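> quick check, what structure comes out for this input:
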Amino acid sequence: MRRTKIIVIRELIDDDKLPALVPYILSFADESALRSCMLVNKVFMAAAVQHLYQSISLFGSCGPVLKKLLRLMSASADGATMIDYRSAVRSLEIGDLVLDEPEVTPLQSWNLARELIRRLSANLEHLYLDSDDPRFRDGDFIQRGTCGLDQRVVFPRIRSVAIAPGCLAFPDEFVYDLLRRCPLGSLSSIRLPGCVRNMSGTGYYLISERGGAALTDLILTPPNSFPPPATIVYGEFDPEQLVANATEEGDEGDTGGRRLVFRRGSYAGRGGGGGGVGEDGVDDEDPLAPYDPMAAWDPDVLADGLQLLANTAPNLRALDISGHTTGLRPGALETLLRGCEDLEELDLPCGVTDATLYELLMVRPARLWRLNLACSCHRCYTDPITPETAARAVPCSFITDGVVKGVLDEVLAGKIGALIELPTHVMEIKTAKMLPTLAVLEEVPGAKIDMNDTDGIYVPRIGVKAVVPNGRMLMQ
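You can find the predicted model right below:
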């Protein structure tokens, strides 16, 4: 039997070393242990706070939690706490924002939220906002350009800015204003999925200027790529109905973990009215009017914006510009790929043609491993493809099998996890492998179906998986 000798070394640690050692030890502790550590001494308390308050998320009916947080951060600003809690917060995510006063809503009141943002702005690295309240766009309720956010608020350490997918509550001017408050060349991630009604040249300039060489992740899609938001019913505040729609997680005294999960778009608010025509050209006379799914961004402005990105964001790795219906201007994709040589993931708009993919073949980006050509415009939900309409469906994109095969062989082949998503409208419905896919893939020996994803087919020879979203339902 082999014996193992264990040597125990006892070393006296000076108090000066504790501030450096304790944070590392507490990085392995769970939330319950961290809260207990806050009661040990000031060193342990400071280390625990850095973990407990590093990321704050307020969604659903967390209005009471927001009040407590604001009181805590205000006390820290006044020097009334042992630890400056504000310095610990790096990420702030606030959803279900409303323009109601905190006394009449259990949701997140914007009056409190903007004050919390002001208190935390100096150390924030990530900011995420979401709302279903259309009164943010109404000039009678709030100043549209800043939405009441203090002009002195800036984000000197910000790295990521995001608005919730399909969120059209905030005016375009407010989104631009958030970007202006960020330092030049500081943003590595900008995510604006379907939340800007009309992206102007100013928007592209701010993205390229505030992102610059630091920008690696960009989502910039029009609102018509998302279904219309849930209907919002305005009326008197009914707290019993709101609580009935919510489920509580955590304990009432837990300011960091308590959350009420609330159904999106089911709250009641107050107000109404309109403010005429906004600077973005959108008629705001009725703030409850739904967004027109047929509306589209200017393709020429998009092409100029892509050229600007190619010149200023050489380290861009993931780009999503899907949702458009007009494709890309000739030469726009080639310019983008030559300027952003590290691009790994690319989502292209509807309306692309063989000419667009030829530009991809000309450049042959070395790092590109995921390409999305699937339909992502308003037709996904206004005119979905069904077995009955598949035969007469008009394609969104006009690409042929031969060019797609060239992309598979010349661009994606041999790359780990390579994936291409193809538009349902232009695919041949094949039954040889019980899967709708390109005719050219039917002829490739060894093509395999992933039974966990019956819309896709894997080709081992080139190491690429091809996916036709919702294609399974079109089987004959």
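> residue boundaries of the strands in the stretch 251-400 of the chain?
If DSSP state E, counting those that start in this stretch is used as the criterion, the strands of the stretch 251-400 of the chain fall at 259-262, 318-320, 345-347, 370-372.
> try the stretch 1-150 of the chain
Per DSSP E, counting those that start in this stretch, the stretch 1-150 of the chain has strands spanning 55-58, 91-98, 108-109, 126-131. These are given in chain order.
> just to revisit the earlier point, can you flag the weakest of the strands of the stretch 251-400 of the chain by average pLDDT?
Out of the strands of the stretch 251-400 of the chain, the stretch the model trusts least by mean pLDDT is strand 259-262, with a mean of 31.
> show me the shaky parts of the protein.
Within the chain, the ranges that satisfy pLDDT under 70 run 1-2, 6-19, 227-295, 378-395, 424-464, 468-476.
> the nearest residue to residue 141 once chain neighbours are set aside: neighbour count?
When the adjacent residues along the chain are set aside, residue 141 lies closest to residue 135, with 4.5 Å between them (C-beta to C-beta, 6 or more residues apart in numbering). Where C-beta positions appear, they are placed from N, C-alpha and C, glycine not excepted. By other C-beta atoms under 10 Å, the residues close to residue 135 number 24.
> gap between residue 135 and residue 39?
For residue 135, the distance to residue 39 under the criterion C-beta to C-beta, to the nearest Å works out to 44 Å.
> again with residue 318
Looking at residue 318 against residue 39, where the rule is C-beta to C-beta, the gap reads 43 Å.
> more neighbours: which of those two?
Applying other C-beta under 10 Å to residue 318 and residue 39 shows that residue 318 carries more neighbours, namely 15 against 9.
> quickly list what the more buried one is bridged to.
Each beta-bridge partner of residue 318 is listed here: residue 217, residue 345, as defined by DSSP bridges.
> that one contacts residue 345, correct?
Yes: counting by C-beta atoms under 8 Å, residue 318 does reach residue 345; the two are 4.2 Å apart.
> residue 415 belongs to a helix?
No: checked against DSSP: H, G, I helix; E, B strand; the rest coil, residue 415 lies outside a helix; its state is coil.
> i'd like the first residue to be 33 from this point on
Yes, from this point I'll number from 33; that puts the last item at residue 447.
> burial measure for the closest residue to it other than its chain neighbours, as a count.
Leaving aside its sequence neighbours, residue 447 sits nearest to residue 401 (C-beta to C-beta, 6+ apart; 4.3 Å). Residues near residue 401, counting by other C-beta under 10 Å, number 20.
> before we move on, what about residue 65?
Under the neighbour criterion other C-beta under 10 Å, residue 65 is assigned a count of 11.
> residues touching it, list them.
residue 58 (C-beta atoms under 8 Å, 6 or more residues apart in numbering).
> got it, and residue 394?
Residues near residue 394 by C-beta under 8 Å, 6+ apart: residue 366.
> the closest residue in space to residue 385 that isn't next to it in sequence: neighbour count?
Leaving aside its chain neighbours, residue 385 sits nearest to residue 430 (4.8 Å; criterion: C-beta to C-beta, 6+ apart). Counted by other C-beta under 10 Å, the residues lying close to residue 430 total 15.
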